[in-house]
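> requesting a structural model of the entry that follows:
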Amino acid sequence: MSASELSSGCLLVFARAPVAGATKTRLIPALGAEAAAQLSTRLLHRTLKTACDYPIELWCTPSADHPVFDECERSFRLERRVQQGGDLGARMAGALEDALRRASWALLIGTDCPELTAADLHQAASALQDGADAVLGPAADGGYYLIGLRRARTDLFLDMPWGTERVLRETRRRLHESGCRWFELPVRWDLDRPEDLAHFNYLFPPEGVTVC
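Modelled structure (predicted):
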């Protein structure tokens, strides 16, 4: 994909400020609040490095004011924005709607998938550029680590059972019922829960994370 084709789209990265006790909360029982926040920062940096071929919009919550976000803006080609909306679905729908007013396609990712590769992003962008209505990156836990669209689709995000194994299945159902053509990337693992840590030992060796 050429530079001009890349510039026709938009890559959104959703990130929570790495505040101890308020981020990666499901990992706190295993890591402790400070280590969970540090891991959140490392995951953010890893995601931004993976996505550095693209103009990145870093969609922050609860605000864009945090020293880690300042450092990211100095180190990467990105623009900071603030997530708006009551729940995750509303925030995702709003961010994609905003981006698709300015771009012909948009990809949205979080920072919880260390297995995400630059090749995944290029595949997703190419699929949208070639006419797919949507792209999904299926997660092993039944959710997804990436979604891409060529037009805003509020219906894919509202009344969704976020945080459950039903998210991917329900998203596929809604895409199918609306007659959409979509492309799926390889299944990847997210890093959300204490039991996920063992899967990522090759990325985060034991000396890098202090388990309580």
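
> could I get the buried residue list for the host helix or strand of Ala125?
Ala125 belongs to helix 118-129 when assigned by DSSP states H and E. Going by neighbour count (16 or more other CB atoms under 10 Å), the buried part of helix 118-129 is Asp120, Leu121, Gln123, Ala124, Ala125, Ala127, Leu128, Gln129. All C-beta atoms are positioned from the backbone trio N, CA, C, and that covers glycine.

> same check, this time on stretch 100-113
Those would be Leu100, Ala103, Trp105, Ala106, Leu107, Leu108, Ile109, Gly110, Thr111, Asp112, Cys113, for stretch 100-113 by 16+ other CB under 10 Å.

> got a markdown table for those residues, with secondary structure, pLDDT and distance to Glu184 too?
Output for the buried residues of stretch 100-113, formatted as a markdown table (DSSP: H, G, I helix; E, B strand; the rest coil; pLDDT from 0 to 100; distance: CB to CB, whole Å):
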| residue | secondary structure | pLDDT | distance to Glu184 |
| --- | --- | --- | --- |
| Leu100 | helix | 97 | 20 |
| Ala103 | coil | 94 | 22 |
| Trp105 | strand | 96 | 16 |
| Ala106 | strand | 97 | 17 |
| Leu107 | strand | 98 | 14 |
| Leu108 | strand | 98 | 15 |
| Ile109 | strand | 98 | 15 |
| Gly110 | coil | 97 | 17 |
| Thr111 | coil | 97 | 21 |
| Asp112 | coil | 96 | 18 |
| Cys113 | coil | 97 | 15 |
